[in-house]
Every structure is written in C-alpha cells, then in structure tokens.
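Undergrad: Based on what follows, work out the 3D shape:
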Amino acid sequence: MSKKSDFIAKLMKEIEPRWPVPAEPRASTTLLEQGVILVLMRHMTQSQAESSLAALNAAYEDWNEARVSQVQELAGYMRTGSRKRGYELLLQNRPAAVALKTYLQDVFQQTHGLDLEFMREGPPPLNKGFPELFSLGLPGMAYLMWVAGDGQLPVTGPLVKLLDRLDLIKRTSSTKRARESILPLVPKEQTLRFVMVLYEVTEHWNDSEAPAYETHAVLRECPAGKKAYLDRIARLERHESQRKKFEQRRVVQEKKDEERQRRELERDRKRSLAEARRQSKELEKRTKAAAEKREIERKKVAEVKRKETEKKRLVAKKREDARRATATKAAAKKKATAKKKVSAKKNVSANKKVTKSKSKAVVRNKPKPKPKKKVQVKVKVKKKAAKKTSTSRGTKPKGRRR
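TA: Numbers count the residues shown, from 1 in each chain. Next up is the predicted model:
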C-alpha cells in the first residue's frame, strides 16, 4: 500500500485542477446554486461569485426565469468589481453570463427541471444518479456529489475505471466494495483534493490534444500510463509516417496533376490554335465569298446602271433624232414654202410680163380711138400715166422676215 499511497501523493502534488472550486460549501445553499457558484468561479473570485448569486436571487423569482432571460440581462447582475459602465461592462461580463445560461439550460435538459436536490438522497448506485452536466464536466459534478454527500467520497464508474487502469484497485460493479477499496488511498483530510485531482485525470485521460498521461509525467510511472503514452507516441509516429507518406504521395500526385494539367493545357492550346486557324480560314473564306458576292452585286448594279444609261442614251438619241427630223422637216417645209413663194412670185412676174405683153399687143392691135375733147384726153392720159407708173414700180410680195 505504501507504493500506491506514494503514487497518489505524487499525483496530488503534481496535478492541479483546471478550474477552482470553493474550499468549503456555502451554508444554506442548494446544489443548483452551488453549481452556479462553481460556474461563475471560472470567471471571477469566490466572493464575487457569491455576490452575483445574491444579486440573481434578488432579481429573479426562480431560476427558470433566469434561464429564459437574455445574456445581456444576466450580465448586468455579475458582480466582478469592475469600474466599467454600460456596454463595456456588459461586454466584460458576457462570458460569465453565457456560462451561467449554458449551465441552467444543461440542468434543465438533463433533469427536466431546475433542481439537483435528488443527489442528496443517499449514495447512488454505481453509474446511476450521476447526471452528465457537460457544462460542469466530471470534476464539477464530482464536487456537487461531494457536497451532496456531506464530504463523502463520490464513487462513480469513470473513477473506478481510472483507478483500475492505474492498477490501484480492482474493478467492481459494487459501489460499496469500490468505496472500501478507494478509501485507504485517500490522504487524511484531503478528500476534496483527492476527488478533484482524480476526476480531473479521469476527464482528460484520453484528451485528443493533450491527454493527462502525456501532460503529467507522474502518470507515466504506472504501467497503464506508460503503455498509453508509448502507444500514443507510436500512434503519433505512425500518423506522422503516414502523413509523410501521404505528403509524398500528395507531392507526386500534385506533380502528376501538374503534368496532366500541363498536357491538357498544351492540348487545349493546340486545339485552340487549330480552332483559331479553322475559324480564320472560314472567316477568310466567308470574307472572300462576301467580297465575290459584293463584286457580283456591284457588277449587276453597274450593268443595270449601264443598261439604264444606254436606255436613256437611246431615248435621248431618239428624241434628238426626232427633233432633228422635225427640224429637217420643218426646214424642208420652210424651204419648200420659200421655194413655192419664189415660184409663185416668178409665176406672178411671168404672168405680169405675159399680161403686159398681151396688153401691149392688144394696145398695138387696137384701133386708135377717135380724138376726144382735150380735157377728156388730158384726164385719160393722166390716168394712164398713173397706171403705168404703178405698174412700172411694182410691189414686192411681203415675205417672212428672218
């Protein structure tokens, strides 16, 4: 027993609980309120936690009202002694208020109420009557069980399993036998310290980040702790080896992926170039076809314009020919008219000459009239002279002035 006692003494000397607990339970306080003090002491001193508990009791009729309250409202009743005011004070007290609300909600969900006094009803059977309040953890629940048992050692399945692992007791399903085996290991007047240290180890024995046997060297002095530590080292080395292999495979795979991506990019580049060339040729072909089409259209338009111009020229030529023909016809007509006029004039002159000659012949052949009176002869002579004068002068026919 001396070796076991020495091991327990080393264990209690080296290991400190992560969270503080009251040295003495507060008198006339329910187990639920003891848990409230325990939760608040993680963010403030014991006196401040007790003052906050008194402020909460004065503010709320029951703890269910506090459970359904807002976090900022609960933060207003935290007595941390801070000189901050307003929003800064609420922000500083928020973590304690969140922890309190989480604790009350946890109790309500696990027990369907807000009362833990059932834990005082005699020593519970092993692994029973021990609510799993995750907000408190195993050390916090062990403290409440220690308070509920008036300072008696709380014996639970996890504790028995740990002590059996450390080769300090034999595992049993009987609470009475387990208690009888554990009591000789408890140092005198250090039951609470023993409870908090052992339950701290129990909770963090297989912690994923920092297990208790790795953090505390004293646990590696027992075979179970040493084996667990070596197994963890081997597991970590195996994981490290697997990680390195995985890293190597990852590097190789990345190189393969890079090479594959490079080939794919090169293939895509070539495909893009071929597609670009094809599109360029197709565009050139379409451009050429469009140019040929435009040239054909241009030629068609030019031909249409030429035909229209030729048609207009022919029409103009016809008009010009018609105008010339009309002008020629008019000139010929005019010439013929003038010729007719000249011919008519000549005919008139000829007729006059014939008439004159006839008249002269008649005059020559006409017998001489008998002489008349002188007066009458003179008049006749005058008339005849006037007639001769008018005949000799003649009158040109009025022609067309040019």
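
Undergrad: for stretch 96-116, which positions count as buried?
TA: If you call a residue buried by 16 or more other C-beta atoms under 10 Å, then stretch 96-116 has these buried ones: Ala96, Ala97, Ala99, Leu100, Lys101, Tyr103, Leu104, Asp106, Val107, Leu114, Leu116. C-beta coordinates here come from the backbone N, C-alpha and C atoms, glycine included.

Undergrad: again, but for stretch 63-74
TA: Under the neighbour-count criterion of 16+ other C-beta under 10 Å, stretch 63-74 has Trp63, Ala66, Arg67, Ser69, Val71, Leu74 buried.

Undergrad: For those, work out which two are farthest apart.
TA: Trp63 and Val71 (15.4 Å; C-beta to C-beta).

Undergrad: Tell me how many other residues surround Val301.
TA: Val301 has 10 neighbouring residues, counting by other C-beta atoms under 10 Å.

Undergrad: For Lys307, see how far away it is.
TA: Distance, Val301 to Lys307, by C-beta to C-beta, to the nearest Å: 11 Å.

Undergrad: Spell out which residues are contacts of both of these two.
TA: When C-beta atoms under 8 Å, 6 or more residues apart in numbering defines a contact, no residue borders Val301 and Lys307 alike.

Undergrad: per-residue pLDDT, Leu32?
TA: Leu32 is assigned a predicted lDDT (pLDDT) of 92.

Undergrad: now do Lys128
TA: Predicted confidence (pLDDT) for Lys128: 50.

Undergrad: ok so, going back, give me the subset of the buried residues of stretch 96-116 lying in strands.
TA: Per DSSP state E, strands hold no members of the buried residues of stretch 96-116.

Undergrad: quick one: which of those residues is nearest to Thr45?
TA: Closest approach between the buried residues of stretch 96-116 and Thr45, by C-beta to C-beta: Ala96, at 11.6 Å.

Undergrad: show me where the stretch 151-300 of the chain has strands.
TA: Assigned by DSSP state E, counting those that start in this stretch, the stretch 151-300 of the chain shows no strands.

Undergrad: what's the longest helix in the protein?
TA: helix 223-365 (DSSP state H).

Undergrad: ok now that helix, how far from the chain's centre?
TA: 46 Å (C-alpha atoms, centre = their mean, to the nearest Å).

Undergrad: What count of nearby residues applies to Gly86?
TA: There are 7 residues near Gly86, going by other C-beta under 10 Å.

Undergrad: In the protein, what helix or strand scores lowest on average pLDDT?
TA: The weakest-scoring helix or strand in the chain, judged by mean pLDDT, DSSP states H and E, is helix 374-393 (a mean of 48).

Undergrad: any idea which element Cys142 lies in?
TA: Small correction: residue 142 is Ala, not Cys. Here Ala142 sits within helix 137-148, counting by DSSP states H and E.

Undergrad: Distance of Glu61 relative to Val155?
TA: Distance from Glu61 to Val155, by C-beta to C-beta: 37 Å.

Undergrad: Those two: which is more packed in?
TA: More neighbours surround Val155 than the other of Glu61 and Val155, with 26 against 8 (other C-beta under 10 Å).

Undergrad: ok so, going back, what packs against the longest helix of the chain?
TA: In terms of contacts (3 or more C-beta pairs under 8 Å, 6 or more residues apart in numbering; DSSP states H and E), helix 223-365 is packed against helix 212-215.

Undergrad: ok, now with 10 Å
TA: helix 157-165, helix 212-215, helix 374-393 (3 or more C-beta pairs under 10 Å, 6 or more residues apart in numbering; DSSP states H and E).

Undergrad: List the buried residues for the first one?
TA: If you call a residue buried by 16+ other C-beta under 10 Å, then helix 157-165 has these buried ones: Gly157, Pro158, Leu159, Val160, Leu162, Leu163, Asp164, Arg165.

Undergrad: pretty sure the second one is touching Glu203, no?
TA: Yes. Pro158 lies in contact with Glu203 (C-beta atoms under 10 Å); the separation is 7.9 Å.

Undergrad: joint contacts of those two?
TA: Common neighbours of Pro158 and Glu203, using C-beta atoms under 10 Å, 6 or more residues apart in numbering, are Leu138, Met141, Ala142.

Undergrad: Centre of the chain to stretch 25-35, how far?
TA: 56 Å.

Undergrad: got the CA coordinates for that stretch in PDB?
TA: The C-alpha trace of stretch 25-35 is given here as PDB (Å, rounded to 0.1, in the frame of the first residue of the first chain):
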ATOM      1  CA  PRO A  25     -19.500  24.600   0.500                       C
ATOM      2  CA  ARG A  26     -21.700  27.700   1.300                       C
ATOM      3  CA  ALA A  27     -24.200  27.100   4.000                       C
ATOM      4  CA  SER A  28     -28.000  27.100   3.200                       C
ATOM      5  CA  THR A  29     -27.300  26.900  -0.500                       C
ATOM      6  CA  THR A  30     -29.000  24.400  -2.800                       C
ATOM      7  CA  LEU A  31     -26.900  22.100  -5.100                       C
ATOM      8  CA  LEU A  32     -28.100  24.100  -8.100                       C
ATOM      9  CA  GLU A  33     -26.800  27.300  -6.600                       C
ATOM     10  CA  GLN A  34     -23.600  25.500  -5.600                       C
ATOM     11  CA  GLY A  35     -23.200  24.700  -9.300                       C
END
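
Undergrad: out of the shared contacts of Pro158 and Glu203, which are buried?
TA: Buried subset of these (neighbour count, 16+ other C-beta under 10 Å): Leu138, Met141, Ala142.

Undergrad: wait, which of the residues you listed is closest to Lys318?
TA: Closest to Lys318, out of all of these and judged by C-beta to C-beta, is Leu138, at 124.6 Å.

Undergrad: if I pick that closest one, what's in contact with it?
TA: 130, 132, 156, 158-159, 162, 196, 198-204.

Undergrad: Disregarding flanking residues, what is the spatial nearest neighbour of it?
TA: Distances taken as C-beta to C-beta, 6 or more residues apart in numbering place Glu203 nearest to Leu138, at 4.1 Å, with adjacent residues excluded.

Undergrad: go on, Met12?
TA: Using C-beta to C-beta, 6+ apart, the closest residue to Met12 is Val197 (5.0 Å).

Undergrad: Distance of the one you found relative to Ala148?
TA: Val197 is 19 Å from Ala148, by C-beta to C-beta.
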